[in-house]
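dropping a prediction and its sequence here:
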Amino acid sequence: MSRLFILLIRFYQLAISPWIAPRCRYQPTCSSYALEAVSRHGVCKGGWLALRRIARCHPWGGSGYDPVP
C-alpha cells in the first residue's frame, strides 16, 4: 500500500509540480515531506503527517525548516 502512495507522490513531483510555480513555505517541500513520512512511518501515520503538513501550508501558517518527526 505504501508503494502506491510513494508512486503517486513521485508522479506529482515529476509530472505536475514542474508546471506549478514553487509555493511551499516549508523546507523540505510538502511533497518531499510526504514522501519521507510515508516511507518512514507507513501509509496511516505518514499520510496523517503529510495531510497535517499540507493543511499548514497557507499564507497565515508557519514557514521554515520542518523535518519529519
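Here it is on my side, so go on.

going forward, measure contacts and count neighbours with C-alpha atoms only.
Fine.

this structure: strands as residue ranges?
Assigned by DSSP state E, the chain shows strands spanning 26-27, 64-65.

quick one, longest helix in the chain?
helix 43-56 (DSSP state H).

rewinding a little: winner for burial among the strands of the chain?
strand 26-27 (a mean of 16; mean count of other C-alpha atoms under 10 Å).

pairing partners for it, with directions?
strand 64-65 (parallel) (DSSP bridges).

what residues does the strand it pairs with touch?
Strand 64-65 is contacted by residues R25, Y26, Q27, P28 when judged by C-alpha atoms under 8 Å, 6 or more residues apart in numbering.

quick one: S32 from I9, how far?
As judged by C-alpha to C-alpha, to the nearest Å, S32 and I9 stand 8 Å apart.

thinking R25 is in contact with S63, fair?
Yes. Between R25 and S63 there is a contact at 4.9 Å, judged by C-alpha atoms under 8 Å.

which residues do the two both contact?
C57.

least trustworthy position among the contacts of strand 64-65, going by pLDDT?
Note: of those, the lowest pLDDT belongs to R25, at 87.

quick check: phi and psi at it.
Main-chain torsions, R25, degrees, to the nearest 10: phi -90, psi -10.

what count of nearby residues applies to it?
18 (other C-alpha atoms under 10 Å).

show the contacting residues for it.
Going by C-alpha under 8 Å, 6+ apart, the list of residues near R25 reads C57, H58, G62, S63, G64.

tell me which two of these sit farthest apart.
Based on C-alpha to C-alpha, the longest span within those runs between H58 and G64 and measures 12.7 Å.

residue most distant from the centroid, the protein?
For the chain, the residue at maximal distance from the C-alpha centroid (C-alpha atoms, centre = their mean) is W60, at 18.3 Å.

tell me the pLDDT at that one?
W60 is given a pLDDT of 85.
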